[in-house]
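S.K.: Structure, please.
(chains A and B)
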Amino acid sequence: MIDLNHFAYLLPLIIVLFGAITLMLLSPLERFSMRSFTIMTLGFLGSALLADIYYFGELYTSFPFETIFSKMIIADSYSVYFDAILLSGAMVTSLIGAHYFDVKRRFKKEFFSLFLFSVFGMMLLVHANELMTAFIALEIASLSLYVMVGFQKYESRRVEASYQYLILGSLSGIFFLLGTALLYAGLGTTILGDMGKNLDALMGKDTSLVIIGGSFLLVTFLFKISAFPFHNWTIDVYDGAPLPVTAFMAATFKVAIFGFILRLMLVDLDPIRDMWDSLFMVIIVATLLYGSFMAVIQKSLKRMLAASSMVHTGYLLIGFVSLGAAGESASSSIIFYMVAYFLSAMGAFGLISYITSDDHIRFTYEDFRGFAHVHPYMAAMLSIFMLSLAGIPGTIGFVGKFYIFTGAIEAGNTLLAVMGVTATFISIYYYFKLIALMYFYPTSEMEEVPTLKGIAPLTIGLVAFGVIWGGIGNTFVAYFPGIDFLIDTARLSYMSLFIK
Amino acid sequence: MEIGILSTIIFLPLLVGLLFLVLPFNATWTRNAAFGVSIVIFFLAIYIYMNFQPTGYIQLREYHPWIKSYGIYYSLGIDGFSLIVLMLIATLIPSAYLLLWDNGRPKSYWVSMLFIQAGISGTLFSLDLILFYFFWEAMLLPVFMIIGLFGTGNRVFSTLKVTIYTIMGSLLMFVSILYLGVAFYYEYGVWSFELGDLVQITTLGYETKVMLFLGFMVAFAIKIPLFPFHSWLLETYSNSPTGGVFLLSSIMAKLGAYALVRFMIPLFPDLFVEFSPYFVSLGIFGLVYFGIAAISQHNIKKMFAYSSASHLGFITAGIFSLNAHGMMGSAFLIVAHAMATGGLFLLQGVMERNLGIRSLDGLGGIAKKAPVFTLFFGIMVLCTVGIPGTNGFVAELLIVLGLFKYNPFAGIVAAVTVLVAASYMFLLFQKAILVRTDNDVSTMVDLQWKEILGLLPLTILIIGMGFYPDYFLYKVEPTIQHYLLDILHVGGR
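M.R.: As a prediction, this is how the structure comes out:
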């Protein structure tokens, strides 16, 4: 008999998978337009989100259909939280992309099926409680993304980006497999939780297989989040991909990766995690500095955002290193920062994709000269996103940085906090440069920008509001979730990892 | 929820600014509204001044939770020292509006002014360090806009430069604040960033404390600016529009000095005493260095910029002199200098509007063309120099006395340097205003009644405070005694 409760836990996943398959089957039919595909995608994502937030704010953990899946899949407050982020990320992507896909007519309808498959893969990744399951989920998400990056096959840079991503991504996937094999050799299981128990029993004996295996897993992890020294693909791939896809990769995919790796690191590899700390210090410093350097020298806005996403990866890794000494605040700070980055980056990429979608390639800083005098509202929104990415008070980005740095200092990594602050300081330059260009120069030839109309600008406006509200909102307004709500739910999801 | 008087002072300009930004009002209406707001705030400040009890303790507390899980509170309050600065802001800003009245700027200029006023007030009242940091940074954005949009010369570059410079300082302060918060959490088990809580931390080692102290100090030193953190100053001041440079020099720089007293003394009392020789020396060095630099300038704005920095060095030296005379003199000089320099910058703005941007050699003979202008200019110059009968004299006398007590040598240097100020100020007054030259100044128009109305309160205060300093000192004195006796333990007068 099917346990309805278990079914409900997995309902979001099932809806998205069902949607992906349905859209794939419908895509050859002529009678459905691109627009109706967008609406259907949104419908599937929206209902999945509704099914997901039903369990939002509850503290629980369970293995749905344990008789079938064994302990391969888990559903807990943690996965609910991440599903909510992933689903809203996907929804925002498709809302913002609605205009982009409309204009760039060469997008095919299969795109939406692939999109839902990659969302499914990401959600499965945060539900995964077993290494092979995680690998399959990761590959579902990645393979869909490889295709999405190169979808407009007539443009050579798209194809180039796609191939670069495919080849390097597959290479990093191999490390994951090898790491899994070694962990299995060392611990005798690939199920999370059991691995932790076996590792506890193994402590004091030879753990070298586990350490090597774990390191291989980290290689994949670092590759996917584009940390130094596995960062080389980032700027080219982000630049080559269509803008909504770039936004999706930068803001959403990283969330899923962190979702899985935090689960693995917090519970199972907890006893040996400190081994990697000094290595991570080097990686963080290098990521921050290299990312900042690359961002400073870019002329193209898209490339700058791509490079700066590496810097934000560095901030997240600061939280990651602080897990050992300040577990709770560090992990909830990572989760919160991901929400903050997701909102700001999504808004920025989304707005730029909206502006550039009319086949006018407007990517460089110089193209935005005097933009504010023609389009004051769009310029204001873009400024809000830049300020939030720079971590200026009054935006959610500031609160995110506050948590990350507080967590780092709490864990005794004051030097890393100072490094993070240094990167923030450098980032002021490349974010404020855009604001300065938009506002401080008289008008230029920017007339062909689409006017604010339709669903995409509305979504971007809401995201901008979210960015501001996340920076100042509090309990003044009854029943409206403020910063505290976000932190509390992040803490709750953290706690659910430790329910035995 | 009850809205306190301090919150009103912060949020009234902010809300009016947002309203006028969104609604389709024209520049004239926006300016009128901004002026109205500043007048309302002026009366609120008078009300606060009248009801302020002359004790050393914090009054008019407001306390609401903001981010509960990290113990961050929306926590406001004022003491005698903040009261002085509040009165200063409340008096100066309406005056500024009157002098900037007909400058033909668009709406965004006035909205920026409103936002700046909100940010300044927030910085002034905050007792929670995160809230303080919040306003301290947020205050920068409208300044960024006002210089970038309405500045002259290479304004975009200088805007970015000053922004990056000040944010560098504040980020170091940010790390220090976080460190203090974490230290408090480790010692007491709860999160708090409230100033009154953070002073109770006892676990910090000496070296850590020094690092934190310097972290805060850099932020304030850049804002003031103290030598050697002044390299943003010249360009920013000379490229700013009149309103921007007025706010920067006469209010925001003072906030740096104010924050020194408000935060550094309670948080690091022992280090404040220990490091005082360095900062007195830096202050006096700045006084001399910037004074000499001012003499060699040919651009009036640049000369005022250096003169301003020179006086701020003086103020800093007074704050670190560790006695009631020095500190009270600094509080007094904050007011006196803000009025004189603010007035001078505004008058310079009037001159620039009439004659265009000119160097010192291109001016002269204005006195005949604009006698009322010359009168006010003269009073401001006398106050800056510190001639008896102006509040500048009282302030400088007190600081020099304080420095003498601290170290006779420091006192002598400071006293002699007053002459430097006299030399460049009188030189400027003579060359630009008094002496008749062949330069064409026929477009110069004398002050209108609005501008006179704006300058009158400043002039009355300059002279009034010069003759009856006690009436103004008794509100701030208990606060300063409280800082000296209860916190620093260095004895009173």
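S.K.: where do the strands sit along chain B?
M.R.: For chain B, the strands defined by DSSP state E cover B:59-67, B:72-78.
S.K.: Just put those strands in JSON lines and tack on distance to residue A:262.
M.R.: For the C-beta atoms, the positions are set from N, CA and C on the backbone; glycine is no exception. Below are the strands of chain B laid out as JSON lines (distance: least, Cβ to Cβ, whole Å):
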{"stretch": "strand B:59-67", "distance to residue A:262": "23"}
{"stretch": "strand B:72-78", "distance to residue A:262": "25"}
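S.K.: Comparing those strands, which stretch has the densest surroundings?
M.R.: With neighbours taken as mean count of other Cβ atoms under 10 Å in any protein chain shown, those reach their highest mean count in strand B:72-78, at a mean of 23.
S.K.: what's that strand in contact with?
M.R.: Residues external to strand B:72-78 that are found in contact with it (Cβ atoms under 8 Å, 6 or more residues apart in numbering or on different chains): A:474, B:4, B:6-7, B:10, B:48, B:52, B:58-66, B:86, B:124-128, B:130-131, B:191-194.
S.K.: Quick one: mean pLDDT for that strand?
M.R.: Per-residue pLDDT over strand B:72-78 has a mean of 86.
S.K.: hang on, the earlier thing: what's the ChimeraX line that selects buried ones from the contacts of strand B:72-78?
M.R.: A single ChimeraX command suffices to select whichever of the contacts of strand B:72-78 are buried according to 16 or more other Cβ atoms under 10 Å in any protein chain shown:
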select /A:474 /B:4,6,7,10,48,52,58,59,60,62,66,86,124,125,126,127,128,130,131,191,192,193,194
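S.K.: shaky segments in the chain?
M.R.: Just so you know, I chose chain A. A:1-2, A:102-107, A:325-327, A:357-362, A:444-453, A:473-483, A:500 (pLDDT under 70).
S.K.: Let me rephrase: I mean chain B.
M.R.: Applying pLDDT under 70 to chain B picks out residues B:1-2, B:491-493.
S.K.: Contact residues of it facing chain A?
M.R.: With Cβ under 8 Å from any Cβ of the partner chain as the criterion, chain B meets chain A at residues B:1, B:64-70, B:74, B:130, B:133-135, B:137-138, B:141, B:144-145, B:148-149, B:155-156, B:159-160, B:163-164, B:167-168, B:171-172, B:174-175, B:178-179, B:181-182, B:185-186.
S.K.: Drop anything exposed from the residues you listed.
M.R.: B:66-70, B:74, B:130, B:133-135, B:137-138, B:141, B:144-145, B:148-149, B:155-156, B:159-160, B:163, B:167-168, B:171-172, B:174-175, B:178-179, B:181-182, B:185.
S.K.: ok, now how distant is residue A:271 from chain B?
M.R.: Using Cβ to the nearest Cβ, to the nearest Å, residue A:271 is found at 24 Å from chain B.
S.K.: List the contacts of that residue.
M.R.: Here residue A:271 is in contact with A:199, A:200, A:203 (Cβ under 8 Å, 6+ apart).
S.K.: Kindly reformat the residues you listed as JSON lines containing distance to residue A:47 and neighbour count.
M.R.: Conversion of the contacts of residue A:271 to JSON lines gives the following (distance: Cβ to Cβ, whole Å; neighbours: other Cβ atoms under 10 Å in any protein chain shown):
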{"residue": "A:199", "distance to residue A:47": "40", "neighbour count": "20"}
{"residue": "A:200", "distance to residue A:47": "41", "neighbour count": "12"}
{"residue": "A:203", "distance to residue A:47": "46", "neighbour count": "10"}
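S.K.: got the residues you listed as JSON lines, with distance to chain B and secondary structure columns?
M.R.: Below are those laid out as JSON lines (distance: Cβ to the nearest Cβ, whole Å; DSSP: H, G, I helix; E, B strand; the rest coil):
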{"residue": "A:199", "distance to chain B": "30", "secondary structure": "helix"}
{"residue": "A:200", "distance to chain B": "28", "secondary structure": "helix"}
{"residue": "A:203", "distance to chain B": "28", "secondary structure": "coil"}
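S.K.: got a markdown table for the residues you listed, with distance to residue A:70 too?
M.R.: Shown next, in a markdown table, are the contacts of residue A:271 (distance: Cβ to Cβ, whole Å):
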| residue | distance to residue A:70 |
| --- | --- |
| A:199 | 20 |
| A:200 | 21 |
| A:203 | 26 |
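S.K.: what's the closest of those residues to residue A:79?
M.R.: Distance to residue A:79, by Cβ to Cβ, is smallest for residue A:199 among the contacts of residue A:271, at 22.5 Å.
S.K.: list the contacts for the closest one?
M.R.: Contacts of residue A:199 (Cβ under 8 Å, 6+ apart): A:187, A:207, A:210, A:268, A:269, A:271, A:272.
S.K.: Nearest residue to residue B:243 in space, please, no chain neighbours.
M.R.: residue B:100 (5.4 Å; Cβ to Cβ, 6 or more residues apart in numbering or on different chains).
S.K.: From chain A, how far out is that neighbour?
M.R.: From residue B:100 across to chain A, the span is 20 Å (Cβ to the nearest Cβ).
S.K.: do the same with residue B:296
M.R.: 30 Å.
S.K.: Phi and psi next, for that residue.
M.R.: The phi/psi pair for residue B:296 (degrees, to the nearest 10) reads phi -80, psi 0.
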